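[1] Quick one, what's the 3D model for this:
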Amino acid sequence: MLNEGGRLSRDTAEAEAGMKGITFPAWYGKHYVTLAEMLVRLGSFGLDLTWRVECDEIVDPRCLEIERRSAGVGMDTLTLLSLTTPFLQLIDAEARGFAGDELVVVLTEADSSWWDVRAVDERVLSELRCHYPDATDL
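    Alright, predicted model coming up:
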């Protein structure tokens, strides 16, 4: 579901407390920033996280598998990465990364147009700003 600004809106209010965020275009010329690319950009911060992913639009059979593996305890980063490569373009999806029981990063892909990233660690956002210079604060 999209909010008034055209961004994906979910019940992440509990997670946003204490999180900072950025937003940037999902397209740079002909290059689409995939979820796989986002996972790689998280580097060591994201490696040991457990992920739960929701897809509002099922655009590929892999979306069903991603959601199936997200049920319950979720999946590790390498499993999610393997399901999103090669190229998987999402329409409206949200990936929530947990360190234990704590939500530490939220990657929201809105309408194949924008990425909204929220994280508890400012260094994650700083690293993403280096790769995506059009990023602005949420």
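[2] pretty sure Arg41 is touching Glu127, no?
    Yes - counting by CB atoms under 8 Å, Arg41 touches Glu127, with 6.7 Å between them. (C-beta placed from N, C-alpha, C; glycine too.)
[3] Let me know the pLDDT of the residue nearest to Asp137 when sequence neighbours are not counted.
    Excluding the flanking residues, the one nearest Asp137 by CB to CB, 6 or more residues apart in numbering is Ile22, at 6.0 Å. If you check Ile22, the pLDDT there is 97.
[4] my guess is Ile22 is in a strand, correct?
    Yes - counting by DSSP: H, G, I helix; E, B strand; the rest coil, Ile22 falls inside a strand.
[5] Thought Leu125 was touching it, still the case?
    Yes - with contact defined as CB under 8 Å, Ile22 and Leu125 form a contacting pair (5.2 Å).
[6] Overlap in contacts, these two.
    Residues touching both Ile22 and Leu125 (CB atoms under 8 Å, 6 or more residues apart in numbering) are 117, 135.
[7] Longest strand in this protein, by number of residues?
    When the chain is parsed with DSSP state E, its longest strand is strand 102-110.
[8] quick one: it to chain centroid distance?
    Strand 102-110 sits 5 Å away from the centroid of its parent chain (CA atoms, centre = their mean, to the nearest Å).
[9] next one: stretch 103-119
    From the chain centre to the centre of stretch 103-119 is a distance of 4 Å (CA atoms, centre = their mean).
[10] so the residue nearest to Asp137 bridges to which residues?
    Note on Ile22: beta-bridge partners Val117, Asp137, judged by DSSP bridges.
[11] Provide a list of residues in contact with it.
    116-117, 125, 128-129, 132, 135-138.
[12] Where do the strands of the protein begin and end?
    For the chain, the strands defined by DSSP E cover 20-25, 27-28, 31-32, 50-55, 75-76, 93-99, 102-110, 114-119, 136-137.
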